[in-house]
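> sequence-free structure coming up:
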């Protein structure tokens with residue numbers, strides 16, 4: 001399959017109450033890429049995802065899935081996707097095995113193939129000892145694994161996951177990261193949303209940052225840092241009144257600290273959170289509150 005998995009061009013979504021959820025978003029997701037869309041709750045991530053998955057019709061703009069127009073041919077476009085919505089839930093009283101087998105059949109797999117695929121996923125998802133447990137007997141982390149399995153049951157070339165690790169403890173989150181990396185190595189393209197900075201930095205090939213409905217940056221984390229001059233930082237002060245100076249040269253940053261008479265400080269590489277705060281203007285507001 002040579003056509004690009006996702007192409008979004010000049011996408012806008014305005015709700016009936018006049019709220020602009022997305023404004024002029026354009027992006028391309030390449031074959032085999034794991035692309036993360038980062039932003040806080042309410043930034044417009046889920047609205048963007050729901051337009052890409054054809055659940056919402058854009059106010060204007062274009063969405064193509066492997067070259068297929070997602071607006072005029074939504075059913076055909078959906079056939080190439082495995083989707084995990086943010087608010088997805090499982091059926092009470094159904095076991096792990098039954099969930100995966102039933103959803104395999106719903107995705108068009110013959111009964112024997114669906115059963116075989118369910119067993120493959122149980123192994124892949126590390127659910128062997130839980131295969132016959134019903135939903136209410138499972139932890140939140142195990143339920144999220146099942147939802148990822150449902151999204152991938154038909155082995156689609158494109159996985160779209162909206163906040164897949166929300167509510168998970170650190171161990172469960174890292175298990176999910178490993179699972180998505182395995183799918184990527186097998187050739188799947190993955191698009192996910194998250195508000196966890198650490199997750200986006202550790203997992204994604206590229207990161208898009210959404211702020212107030214607009215895509216304000218899209219690149220690798222390293223390139224985002226370099227392009228915006230946030231490669232290094234010097235932090236000083238107490239936890240309650242900590243201050244940070246950012247820049248691209250550690251020597252200049254240290255000199256700035258010393259010129260201000262600061263004797264104790266820490267020099268380190270910036271994180272994606274530093275870049276995000278700088279791009280969205282949140283860093284200035286945080287500094288204002290700290291100084292006040």
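Done, it's in. These figures come from a predicted structure and were not determined experimentally.
> Output the lowest mean pLDDT helix or strand found in the protein.
helix 282-291 (a mean of 40; mean pLDDT, DSSP states H and E).
> Now do the contacts for residue 114.
By CB atoms under 8 Å, 6 or more residues apart in numbering, residue 114 lies in contact with 100-102, 104-105, 153. In short, each C-beta sits where N, CA and C put it, glycine included.
> Next, format those as JSON lines and append distance to residue 270.
Formatted as JSON lines, these follow (distance: CB to CB, whole Å):
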{"residue": "100", "distance to residue 270": "41"}
{"residue": "101", "distance to residue 270": "47"}
{"residue": "102", "distance to residue 270": "46"}
{"residue": "104", "distance to residue 270": "44"}
{"residue": "105", "distance to residue 270": "48"}
{"residue": "153", "distance to residue 270": "40"}
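> Narrow the residues you listed to those that are buried.
100-102, 104-105, 153 (16 or more other CB atoms under 10 Å).
> Out of these, which is nearest to residue 133?
Nearest to residue 133 among the buried ones among the contacts of residue 114, counting by CB to CB, is residue 100 at 12.8 Å.
> part of a helix, is that closest one?
Yes: under DSSP: H, G, I helix; E, B strand; the rest coil, residue 100 falls within a helix.
> wait, doesn't it sit right on residue 150?
Yes: using CB atoms under 8 Å, residue 100 is in contact with residue 150, at 6.8 Å.
> shared neighbours, those two?
With contacts taken as CB under 8 Å, 6+ apart, residue 100 and residue 150 have no neighbour in common.
> Which residue is most remote from the mean position of this protein?
residue 261 (41.8 Å; CA atoms, centre = their mean).
> SS state for it?
With three-state DSSP as the criterion, residue 261 reads coil.
> mind checking how far it is from residue 125?
Remark: distance between residue 261 and residue 125 (CB to CB, to the nearest Å) = 56 Å.
> And for residue 110?
For residue 110, the distance to residue 125 - CB to CB - is 22 Å.
> from the contacts of residue 114, which is closest to residue 72?
So of these, ranked by how close each gets to residue 72 (CB to CB), first place is residue 153, at 26.8 Å.
> you'd agree that closest one is up against residue 102?
No: Residue 153 lies out of contact with residue 102 (CB under 8 Å); the separation is 9.5 Å.
> Tabulate the contacts of residue 114 (JSON lines), appending pLDDT and distance to residue 179.
Shown next, in JSON lines, are the contacts of residue 114 (pLDDT from 0 to 100; distance: CB to CB, whole Å):
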{"residue": "100", "pLDDT": "96", "distance to residue 179": "14"}
{"residue": "101", "pLDDT": "96", "distance to residue 179": "19"}
{"residue": "102", "pLDDT": "96", "distance to residue 179": "21"}
{"residue": "104", "pLDDT": "94", "distance to residue 179": "18"}
{"residue": "105", "pLDDT": "95", "distance to residue 179": "23"}
{"residue": "153", "pLDDT": "93", "distance to residue 179": "14"}
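> now for the helix or strand harbouring residue 50, which elements pack on it?
Here residue 50 sits within helix 45-52, counting by DSSP states H and E. With contacts taken as 3 or more CB pairs under 8 Å, 6 or more residues apart in numbering; DSSP states H and E, helix 45-52 sits against strand 6-14, strand 20-29, strand 34-38, strand 60-65, strand 158-162, strand 189-194.
> go again using 6 Å as the cut-off
Under the contact criterion of 3 or more CB pairs under 6 Å, 6 or more residues apart in numbering; DSSP states H and E, helix 45-52 touches strand 20-29.
> Comparing residue 110 and residue 125, which residue is more hemmed in?
A side-by-side neighbour count of residue 110 and residue 125, using other CB atoms under 10 Å, places residue 125 first with 22 against 10.
> so which of the buried ones among the contacts of residue 114 would you say is closest to residue 47?
Nearest member of the buried ones among the contacts of residue 114 to residue 47, counting by CB to CB, is residue 153, at 25.9 Å.
> now the closest one, nearest residue through space, not along the chain?
In this structure, residue 153 finds its nearest non-sequential neighbour in residue 104, 4.6 Å apart by CB to CB, 6 or more residues apart in numbering.
> what do you get for residue 4?
Per CB to CB, 6+ apart, closest to residue 4 is residue 28, 5.9 Å.
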